[in-house]
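Novice: Provide a 3D model corresponding to the input given below.
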Amino acid sequence: MNKILLDTCVWLDLAKDPNQQFLLNAVEELIRQNELIIIVPRLVLDEFVKNKNKIIKESNQSLTSVFKRVRDVVDKFGDTKNKDLVLEQLNNIGSKIPSWGESTATSISRIEKLLKSGTIIETIDEIKLRAVQRAIERKAPFHNQRNNINDAIIIETYANCIQSDSVGVKFAFVTHNKHDFSLPNGNERIPHPDFALYFSKIKSRYFIKLSEAIKRINPALVNEIMIEEEWIEEPRSLTEILEAEGEFFERIWYDRKLVLQANIKEGLEKESPPDIKNGMLAAMKRIEAKYGGKKALRNYYKDDFGWGMLNGKLSALRWVLGSEWDFLDT
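Specialist: Numbering: from 1, shown residues only. Got it, this is the predicted structure:
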């Protein structure tokens with residue numbers, strides 16, 4: 001069995017970076033296979049819950065702010081020849097900002113579930129006293145002249161775990177806070193000497209990367225999940241969506257005009273005034289030229305099912321762009 005304690009900063013960084021979701025996948029799968037237990041100091045859970053809304057807000061604000069500044073600069077100072085292309089790409093990127101914010105919210109929900117389902121360790125007086133003693137003696141994480149009482153409580157919680165539960169269990173402590181926990185002015189993968197008693201080569205390991213910690217548990221699983229992650233499809237760009245919506249709009253509009261012409265011929269509908277009729281015929285000619293002629297347009301779908309699919313595609317694309325479902329006006 002493997003037990004792992006992730007510093008608060010590791011959980012927060014996982015929440016901020018959607019590209020790290022494969023690590024969450026790996027952690028969840030290791031837990032499901034009973035290969036991993038998450039150690040959760042009460043302080044870590046409380047700090048994460050305290051910061052989660054701030055992370056979501058900052059994620060959306062920072063992306064939107066940066067995007068707006070870049071777009072304004074390109075619009076103002078960009079080369080005339082290439083500016084339109086660059087702005088189009090920026091618009092495509094901008095259209096993905098909401099999905100990135102939603103991805104952050106999803107990661108936070110998953111992380112909170114992992115934390116609450118882990119082994120939650122309360123901060124007992126013994127842990128507090130040892131943390132305070134570190135502060136008095138200026139031992140890490142207080143060697144940098146800062147009030148790192150929370151970091152001290154987290155590492156002392158970890159120490160209690162490895163001392164009280166050791167038979168057949170391997171432990172790992174993961175932090176991104178190299179400044180306070182790692183060897184100063186040396187190999188950052190080595191813990192500070194003041195924590196040396198808490199780590200060894202086999203029973204208790206120190207990591208500054210979550211990926212390395214979970215690879216130690218099941219390297220084949222992590223590699224498999226990473227490969228799967230590479231095959232995740234990227235959302236369509238805004239340009240592609242608009243082009244497809246325009247195409248299906250024109251195809252459906254054209255077919256409806258053919259029906260209109262047939263109804264007029266049979267006396268079911270009245271003919272439009274000459275200027276409107278001529279405009280319609282010109283637009284139909286343009287669409288025929290664009291999509292390979294009248295025959296190609298009529299053969300685009302073969303039956304009622306095909307006509308339904310065509311309308312369904314337009315409805316779905318318009319929904320993505322902000323319209324209500326089943327909005328099929330042409």
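
Novice: Give the burial count for residue 310, as a bare number.
Specialist: 17 (other CB atoms under 10 Å). (Each C-beta comes from the backbone N, C-alpha and C, glycine too.)

Novice: pLDDT score for it?
Specialist: Here the pLDDT value assigned to residue 310 is 88.

Novice: what's the answer for residue 56, then?
Specialist: The confidence metric pLDDT takes the value 77 at residue 56.

Novice: in what helix or strand does it lie?
Specialist: helix 42-77 (DSSP states H and E).

Novice: Do me a favour and average the pLDDT over stretch 294-307.
Specialist: Taken as a whole, stretch 294-307 carries a mean pLDDT of 83.

Novice: buried residues in it?
Specialist: By neighbour count on 16 or more other CB atoms under 10 Å, the buried set for stretch 294-307 is 297, 300-301.

Novice: Please enumerate residues in contact with it?
Specialist: Counting by CB atoms under 8 Å, 6 or more residues apart in numbering, stretch 294-307 makes contact with 251, 254-255, 258, 287-288, 291, 309-310, all of which sit outside it.

Novice: Mind putting those into TSV with distance to residue 177?
Specialist: Listed next are the contacts of stretch 294-307 as TSV, based on distance: CB to CB, whole Å:
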residue	distance to residue 177
251	58
254	63
255	63
258	68
287	62
288	66
291	60
309	54
310	56
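
Novice: Count the neighbours of residue 142 for me.
Specialist: Here the neighbour count serves as a burial measure; for residue 142 (other CB under 10 Å) it reads 21.

Novice: pretty sure it is touching residue 135, no?
Specialist: Yes. Under the contact definition of CB atoms under 8 Å, residue 142 touches residue 135, with a separation of 4.9 Å.

Novice: Identify the contacts common to the two.
Specialist: Common neighbours of residue 142 and residue 135 are listed as residue 152 (criterion: CB under 8 Å, 6+ apart).

Novice: all helices in the stretch 101-250 of the chain, in order from the N-terminus.
Specialist: 125-137, 149-164, 178-181, 210-217, 219-230, 238-265 (DSSP state H, counting those that start in this stretch).

Novice: now the second one: mean pLDDT?
Specialist: Here the mean pLDDT over helix 149-164 is 94, rounded to a whole number.

Novice: what residues are up against the residue lying closest to residue 320 once chain neighbours are set aside?
Specialist: Across the structure, with CB to CB, 6 or more residues apart in numbering as the measure, the residue nearest residue 320 apart from its sequence neighbours is residue 241 (6.0 Å). Taking CB under 8 Å, 6+ apart as the definition of contact, the neighbours of residue 241 are 317, 320-321.

Novice: Go ahead and build a ChimeraX selection from the buried members of the contacts of stretch 294-307.
Specialist: When burial is assessed using 16+ other CB under 10 Å, the buried subset of the contacts of stretch 294-307 is captured in ChimeraX by this command:
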select :251,254,255,287,310
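
Novice: Let me know the closest of the contacts of stretch 294-307 to residue 327.
Specialist: Lowest distance from residue 327 to the contacts of stretch 294-307 (CB to CB) belongs to residue 310, with 14.7 Å.

Novice: Surely that closest one and residue 248 touch.
Specialist: Yes. The pair residue 310 and residue 248 qualifies as a contact (CB under 8 Å) at a distance of 6.3 Å.
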